[in-house]
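1. coordinates only, no sequence provided:
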């Protein structure tokens, strides 16, 4: 059974702070990792992906991957109230395989 | 930016009725998917479709479900006899190639299905 786990939250951070979202996965064969943002009642929208160990930065977002620990995280710098949403971690276990989604972490950025 | 389009945005149906959810994937994409999300729960894979046939399906995708690409643009999900537990948001997605980091899922806006 391929599992992707996330803390459900809510994670509350003050405006301007760094939000740290975590995800673990069970399948060591997992190849690539995605962070999606989902506003209430809306569809998931892709924020970024990572497939190599280490950090990957895109604007205010940084994804971190540690395949040995089967752990991926998303840091959001200078958090804004508009970042308040549920963040979904998705894992692709191999080329051509479908994505497995975690349950999501609800983030609340307080003004 | 090209989008995946889903219709209707909200569908209400009575238990036992058939429903068809429609999707227009991004035009140059070759792989198509249906996912569902029950309220408050995680996004779950239903089925993937490539070259006019199902390439993978989950345990959720039983005989009550079917998919079709009736023409060059539409991709449909049919539920033959809806049950209360089919109430969920259904998302269509597409990818240009087999899904991986070079070909992430692009989701439509979803159809909220309510079975009464």
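-> Sure thing, it's come through. Please read these numbers as outputs of a predicted model, since none were measured by experiment. Numbering: from 1, shown residues only, chains lettered A, B, ... in the order given.
2. what about residue 105, neighbour count?
-> I went with chain A, as the question did not name one. Residues near residue A:105, counting by other Cβ atoms under 10 Å in any protein chain shown, number 22. In short, each C-beta sits where N, CA and C put it, glycine included.
3. um, chain B though
-> Residue B:105 has 23 nearby residues by other Cβ under 10 Å.
4. the one 3 residues further on too?
-> Using other Cβ under 10 Å as the criterion, residue B:108 is surrounded by 25 other residues.
5. surely it touches residue B:5?
-> Yes - under the criterion of Cβ atoms under 8 Å, residue B:108 makes contact with residue B:5 at 6.1 Å.
6. output the below-cut-off pLDDT ranges for chain A.
-> A:1, A:95-96 (pLDDT under 70).
7. any part of stretch B:74-81 near chain A?
-> No - using Cβ under 8 Å from any Cβ of the partner chain, stretch B:74-81 never reaches chain A; the gap is at least 15.1 Å.
8. and for that stretch, what's in contact with it?
-> Contacting residues not belonging to stretch B:74-81 are listed as B:16-25, B:32, B:34, B:46-47, B:49, B:63-70, B:86, B:90, B:92, B:94, B:113 [Cβ atoms under 8 Å, 6 or more residues apart in numbering or on different chains].
9. what do residue B:108 and residue B:5 both touch?
-> Common neighbours of residue B:108 and residue B:5, counting by Cβ under 8 Å, 6+ apart, are residue B:23.
10. can you report how many residues lie near residue B:116?
-> Neighbours around residue B:116, by other Cβ under 10 Å: 10.
11. could you check the pLDDT of the residue lying closest to it once chain neighbours are set aside?
-> Spatial nearest neighbour of residue B:116, chain neighbours left out: residue B:14 (5.7 Å); criterion: Cβ to Cβ, 6 or more residues apart in numbering or on different chains. On pLDDT, residue B:14 comes in at 97.
12. good, wrapping up.
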